[in-house]
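Enquirer: next come a sequence and a model predicted from it.
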Amino acid sequence: MTYVQFKNITKHYGSEVALSNFSLEIASGELVSILGPSGCGKTTALRILAGFIEPTDGSLLVNGQEILELPAAKRGYGMVFQSYSLFPNMTTFENIEFPLKLRKTDATARIKRVNELLDLINMAEHANKFPHQLSGGQQQRIALARALALEPPILLLDEPLSALDATVRDQLRDEIRSLQKRLGITTVFVTHDQQEAMAISDRVAVMRSGQVEQVGSPKELYQNPRNSFVAKFVGTSNQIESIRIGQAWKVLGSTVSGPEGFDTGIAFIRPEDITITASPGGVAVIEEISFLGSFTRVFISIDKNRVIADLQISEADKFSVGQQVELTIRDANPLIEAMGI
């Protein structure tokens, strides 16, 4: 089992700062996603761990040992890229076998290992096919199996699902998570897709501008975002102007607890935490109702703002476009930040 520690890693490209005091700990057997927008430094962090990039400053420990001086080939980590990077002139079997040949593994052991991996990814029937004969999802499974061939201590996944269509992406995401849990391999998964990160991870590190904004379980990040960036990047949030009255805050029709030190702010409220009540004298008006399968999304205008509420289908059926309503919130302690932050 392998434990990883990034300690104050900084990476400069000339005057550009890709990472700034980036610190993150990953427990043995844990799957941690590094999540953030393009250019935030998440892939740079992954490539430093892989050994492809040298940081400008900082320390990188694996099982308590500094590894920055260790070349990538000596680290022996498995890596899967966005592009499948398969050899087009090799069959499925040969692609998976390739790193074992480089390691000069005995032929009998190679065949045994490749067949084990083919069974693991449910691709045994495609062993003799070439990459062009396979779907994108099948090719990515082969890339994953090849990365696992040498039983690496760490698996690195650099946006491996982004080139796939939605249905295949969801299926392969679930397969990767199931496989990772079965093998117990320490895994770092880089993505810009918050839904992907939430679905697959033990913990998620949300990044912005080369730094970690918050690390936590998907549930922690969603229910208790540390700041407005995390609230907006992880899931959907209403941004509602609020005022402090005495020791409490007025948010829509509710009085809630909140921070001190400023009197006007923005409250970040999840759509499912909005409660709608029919009221002929209500100041809010339903503008649009969208059926989204497992829930219904209701768009409401109030005080020149547009609020989104997600309701159970049976509950949403009680309302209609143009209806006047009152809005309250379920969360008694929402994130509230000063305006202008």
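Expert: Yep, it's here. Numbers count the residues shown, from 1 in each chain.
Enquirer: backbone torsions only: list them for the residue nearest the centre of the chain.
Expert: In the chain, the C-alpha nearest the mean C-alpha coordinate belongs to residue 197, at 2.2 Å (C-alpha atoms, centre = their mean). The phi/psi pair for residue 197 (degrees, to the nearest 10) reads phi -60, psi -40.
Enquirer: before we move on, what about residue 50?
Expert: phi -70, psi -20.
Enquirer: residue 74 is in contact with that one, correct?
Expert: No. Residue 50 lies out of contact with residue 74 (C-beta atoms under 8 Å); the separation is 11.7 Å. From N, CA and C alone the C-beta is placed, and that goes for glycine too.
Enquirer: same drill for the two, tell me which one is more crowded.
Expert: residue 50 (17 against 9; other C-beta atoms under 10 Å).
Enquirer: contact partners for that one?
Expert: Contact analysis of residue 50 by C-beta atoms under 8 Å, 6 or more residues apart in numbering lists 72, 75, 77, 79, 156.
Enquirer: which residue packs closest to the residue nearest to the centre of the chain, ignoring adjacent ones?
Expert: Spatial nearest neighbour of residue 197, chain neighbours left out: residue 33 (3.9 Å); criterion: C-beta to C-beta, 6 or more residues apart in numbering.
Enquirer: count of residues packed around that neighbour?
Expert: Neighbour tally, residue 33, other C-beta under 10 Å: 26.
Enquirer: please name the nearest non-neighbouring residue to residue 316.
Expert: Per C-beta to C-beta, 6+ apart, closest to residue 316 is residue 296, 3.6 Å.
Enquirer: now for the one you found, how many residues are close by?
Expert: 19.
Enquirer: now do the longest helix anywhere in the chain: everything it contacts.
Expert: Counting by DSSP state H, the longest helix found in the chain is helix 166-183. Outside helix 166-183, the residues that touch it by C-beta under 8 Å, 6+ apart are 31, 120-121, 135-137, 140-141, 144, 148, 155, 157, 160-162, 164, 187, 189, 196, 199-200.
Enquirer: run a quick neighbour tally on the closest residue to residue 135 other than its chain neighbours.
Expert: Nearest residue to residue 135, sequence neighbours excluded (C-beta to C-beta, 6+ apart): residue 168, at 7.3 Å. Residue 168 has 16 neighbouring residues, counting by other C-beta under 10 Å.
Enquirer: cool, and residue 330?
Expert: 12.
Enquirer: isn't it right next to residue 271, touching?
Expert: No. Look at residue 330 against residue 271 with C-beta under 8 Å: they stay out of range, at 11.1 Å.
Enquirer: outline the domain layout of this protein.
Expert: With domains defined by automatic domain parsing, the chain comprises 4-230, 236-338.
Enquirer: tell me which of those domains sits most buried.
Expert: Of the domains of the chain, the one with the most neighbours on average (mean count of other C-beta atoms under 10 Å) is domain 4-230, at a mean of 18.
Enquirer: gap between the residue nearest to residue 135 and residue 327?
Expert: Going from residue 168 to residue 327 by C-beta to C-beta, to the nearest Å gives 39 Å.
Enquirer: ditto for residue 127
Expert: Counting by C-beta to C-beta, the gap from residue 127 to residue 327 is 58 Å.
Enquirer: likewise for residue 293?
Expert: Taken as C-beta to C-beta, the span from residue 293 to residue 327 is 24 Å.
Enquirer: same deal with residue 122?
Expert: Residue 122 is 48 Å from residue 327, by C-beta to C-beta.
Enquirer: same deal with residue 193?
Expert: 30 Å.
Enquirer: save the contacts of residue 50 as TSV, and put in pLDDT too.
Expert: Listed next are these as TSV, based on pLDDT from 0 to 100:
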residue	pLDDT
72	94
75	94
77	96
79	95
156	97
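Enquirer: could I get these in a markdown table, plus columns for distance to residue 275 and secondary structure?
Expert: Output for those, formatted as a markdown table (distance: C-beta to C-beta, whole Å; DSSP: H, G, I helix; E, B strand; the rest coil):
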| residue | distance to residue 275 | secondary structure |
| --- | --- | --- |
| 72 | 54 | helix |
| 75 | 52 | helix |
| 77 | 48 | coil |
| 79 | 47 | strand |
| 156 | 44 | strand |
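Enquirer: dump the residues you listed into a markdown table; add distance to residue 334 as well.
Expert: A markdown table is the format used below for those (distance: C-beta to C-beta, whole Å):
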| residue | distance to residue 334 |
| --- | --- |
| 72 | 45 |
| 75 | 44 |
| 77 | 41 |
| 79 | 40 |
| 156 | 36 |
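Enquirer: pick the one among the residues you listed closest to residue 109.
Expert: Nearest to residue 109 out of the contacts of residue 50 is residue 77 (C-beta to C-beta; 20.9 Å).
Enquirer: correct me, but the residue nearest to the centre of the chain touches residue 191?
Expert: Yes. Between residue 197 and residue 191 a contact is recorded at 5.3 Å, counting by C-beta under 8 Å.
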